[in-house]
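> fold the following for me, if possible:
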Amino acid sequence: MTASAEPAADLPRSPLHVADYRLFWLSRFCSVLATTAMAVVIGWQVYDVARADYGMSPGQAAFQLGMIGLVQFVPMFLLAPFAGLVADRFDRRKVGALAVGVDWIMALALAVLTTRGGLTLPLLFGLASLHGMARAFFGPAINAIGPSILPAALLPRAVSMTSMAMQIGMVAGPASGGFLYAAAPSSPYWVAVVLLAISMASILLIKPFRMPRLQADIHPLRQIAEGFSYVKRERLLLGCITLDLFAVLLAGATALLPVYARDILTWNGHPVGPSGLGQMRAAPAVGAAAVALLLSFRPIERNVGIKMLGGVVLFGIVTVVFGLSRNYLLSLAMLVMLGAADMISMFVRGALVQLNTPDAMRGRISSISGLAISASNELGEMQSGLAAALLGATGAVVFGGVGAIVVAGTWALLFPELRRSRSFSAHYAQPKA
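This next block holds a predicted model:
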C-alpha cells in the first residue's frame, strides 16, 4: 500500500511528526547557514582583494564577483546530469553527505588560508569551484530524499517547512558571517566547519529507504537523456524550471551587493561595509522566511500558477527600486520584499515539480531543476558583473529587474499551462515501503 492510500488517521499531521524529516530539516538548516555565511565572506574577500591587492577599479573588481559565479557554475554544469543519475542509482543519503563533505573541506581550507593571510584571487576561485562541484551532487540527492520519507499529501507543507529552514539559515548565515568576519576574519569559516559536520551526521542518521530500481540494460547516458526528454514532454515542468532560470538569470542583484556595501550605500556618512553587506545578504531571507512560515500554516491552494507568475513580477519591481535607492533602510526593505516575492514563486514551483515527477526520476529531474537554478544564480552573477562593468552597478540591477518582469509576461503567453494551474495535484505518490 502506498503512503497516499493509507487511512487519513494513520498519516502524520505534519512533516515534523516524522523523525527522519526532522533530521532532514536540521541538515538543510545547518548546510545553508554555513554556506551562506561563507558566501558573504568570499564575496567581500574577492572584491576587497581585487581592489586592495590587485589595484582594480570598482568596475573591474565587480567583474571578479561575476567570475566567482562562473567558476561555480562550470563544474555544476558539467557534473549535474551525471549527479542526477547517481542520486537515482545510489543511496541518496550517502551521496548528499559526501557532497557536504566537499564543502567541509572548502571551509577548512578557507579558515586556514584566512588565518595565515594567504588568500589570492586564484585560490578563492579554485575553492569556489569546489562548492560548485558539491552543489552538483548535493541538490539532486537531498531534494529526492524529502518525497521518499514523507506521504505525498504532506509534500506541499514540507516544501514550505524546508524552505523555512533554508531561509532561516539564509537570514542568520549572511548576518553572522558579516559580523564574525568583522570580529575575526577566519571565524566564519571555523563555524562553518562545525555546522557542515552536523549536516553530514544528520543526513547519515536518516533511516534507509527503498530506492527506485532502474533498468540495468539501459545505458547510463540514455538514462540521463530520459530525464531531459521527460521535462521536455511535460510542459508544466518545463515552464516552471525555465521561468526561474531566465528571471533570476537577469535579476541577479545580490551578486553586486559588495559594490553597494563598499562604494554606494552609506550609514551616518560612512560606507556600510562588511556588516552592512551581511545585513543586505540576510534581508531577502527575512522576507522569504516570513512567507515560508505563513505558507507552512496556510499553504497556497488555489490559482497556484497565476500566483507564481505574480511573484516573479513583484520580484522584478522591487529589484528595480533597490537598484535606484540610495537610502540604506529603503534598500533593506526592498531586499526583504524581494525575498518574499521569490519565496511565493519558489514554493509553487517546488511543489509542482515534486508532485509531477515519478520517484524513479526524481534525482535526474532534480538535477535538471538544480542546474537551472545554478545557471540562474551563478551565471546571473556573471551577467551582473559583466553588466556592471558596462552599465555600472545601478544600471545592471535596474536592467535585470525590468528583464524579470518581461520574462514573467512572456512565459505567461508561451506556457499557458502555468496560468491554468489552479491547484496542486499529487500525480506521483510515495513508493511502497
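> where does pLDDT dip in this structure?
The model of the chain has pLDDT under 70 over residues 1-10, 211-224, 227, 248-252, 356, 358-363, 366-367, 370-382, 422-433.
> that one: strands as residue ranges?
Per DSSP state E, the chain carries strands over the ranges 266-267, 270-271.
> these into JSON lines, with extra columns for distance to D244 and mean neighbour count?
C-betas here are computed from N, CA, C, even on glycine. Shown next, in JSON lines, are these (distance: least, C-beta to C-beta, whole Å; neighbours: other C-beta atoms under 10 Å):
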{"stretch": "strand 266-267", "distance to D244": "33", "mean neighbour count": "14"}
{"stretch": "strand 270-271", "distance to D244": "33", "mean neighbour count": "12"}
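> and those: which comes nearest A62?
Nearest to A62, of all the strands of the chain, is strand 270-271, at 15.0 Å by C-beta to C-beta.
> what pairs with the closest one, parallel or antiparallel?
Strand pairing for strand 270-271, using DSSP bridges, gives strand 266-267 (antiparallel).
> can you name the residues in contact with the partner strand?
V272, G276, Y328 (C-beta atoms under 8 Å, 6 or more residues apart in numbering).
> which of those residues lies closest to L195?
Using C-beta to C-beta, the contacts of strand 266-267 come closest to L195 at G276, 23.5 Å.
> so that closest one touches A261, yeah?
Yes. Judged on C-beta atoms under 8 Å, G276 makes contact with A261 at a distance of 4.9 Å.
> who has more neighbours, the two?
Taking neighbours as other C-beta atoms under 10 Å, G276 and A261 compare with A261 leading, 27 against 22.
> and the closest residue to that one other than its chain neighbours, how many neighbours does it have?
Of all residues not flanking A261 in the chain, L277 sits nearest, at 3.8 Å (C-beta to C-beta, 6 or more residues apart in numbering). When neighbours are defined as other C-beta under 10 Å, L277 has 28 of them.
> for F90, same thing?
Counted with other C-beta under 10 Å, the neighbours of F90 add up to 14.
> got the phi/psi numbers for it?
Main-chain torsions, F90, degrees, to the nearest 10: phi -120, psi 170.
> ok, L391 - contacts?
By C-beta under 8 Å, 6+ apart, the neighbours of L391 are F399.
> find the nearest non-adjacent residue to L123, please.
L113 (6.4 Å).
> quick check: the one you found touching P122?
No. Using C-beta under 8 Å, L113 is not in contact with P122; the gap is 11.7 Å.
> in terms of neighbours, single out the busier of the two.
Taking neighbours as other C-beta under 10 Å, L113 and P122 compare with L113 leading, 18 against 8.
> and stretch 70-87, which residues are buried?
Neighbour counts over stretch 70-87 (16 or more other C-beta atoms under 10 Å) mark 70-73, 75-77, 79-87 as buried.
> cool, stretch 257-276 as well?
Buried residues in stretch 257-276, counted by 16+ other C-beta under 10 Å: L257, P258, V259, Y260, A261, R262, I264, L265, V272, G273, P274, G276.
> R420: neighbour count?
R420 has 11 neighbouring residues, counting by other C-beta under 10 Å.
> list the residues that contact it.
R420 makes contacts with G305, as judged by C-beta under 8 Å, 6+ apart.
> how close does it get to I306?
9 Å (C-beta to C-beta, to the nearest Å).
> can you give the contact residues for stretch 340-347?
With C-beta under 8 Å, 6+ apart, stretch 340-347 has contacts from 159-160, 163, 167, 243-244, 248, 284, 287-292, 295, 299-300, 307-312, 314-315, 318.
> mind giving me the ChimeraX command for buried ones among the residues you listed?
Burial among the contacts of stretch 340-347 is assessed by 16+ other C-beta under 10 Å; the matching ChimeraX selection reads:
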select :159,160,163,167,243,244,248,284,287,288,289,290,291,292,295,299,300,308,309,310,311,312,314,315,318
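> can you name the residues that contact the residue nearest to A261?
By C-beta under 8 Å, 6+ apart, L277 lies in contact with V40, G43, W44, P174, G178, L257, P258, A261, R262.
> give the contact list for the fourth one.
This points to P174. Taking C-beta under 8 Å, 6+ apart, one finds T36, A37, A39, V40, L277, G278, Q279, M280, R281, A282, A285 in contact with P174.
> ok, it to A225 distance?
With distances taken as C-beta to C-beta, P174 is found 38 Å from A225.
> cool, and the last one?
Remark: distance between R262 and A225 (C-beta to C-beta) = 45 Å.
> also L150?
On the measure of C-beta to C-beta, L150 and A225 end up 29 Å apart.
> more neighbours: these two, which one.
More neighbours surround L150 than the other of L150 and A225, with 22 against 14 (other C-beta under 10 Å).
> wait, that one sits on H17?
No. Judged on C-beta under 8 Å, L150 makes no contact with H17 at a distance of 10.1 Å.
> burial of I306, as a residue count?
Residues contacting I306 under the criterion other C-beta under 10 Å number 16.
> actually, G55.
Other residues close to G55 by other C-beta under 10 Å number 9.
> for the stretch 301-433 of the chain, what spans make up the helices?
Assigned by DSSP state H, counting those that start in this stretch, the helices in the stretch 301-433 of the chain fall at 304-324, 328-355, 362-374, 380-414, 416-420.
> which of those sits closest to K94?
helix 362-374 (13.1 Å).
> picking that back up, out of the contacts of P174, who's the most crowded?
Neighbour tally across those (other C-beta under 10 Å): the maximum, 32 neighbours, falls on A37.
> how about it, nearest residue that isn't a chain neighbour?
Excluding the flanking residues, the one nearest A37 by C-beta to C-beta, 6+ apart is G177, at 3.3 Å.
> list the contacts of A289.
Contacts were defined as C-beta under 8 Å, 6+ apart; by that measure A289 touches M164, Q167, I168, M170, V171, G339, M343.
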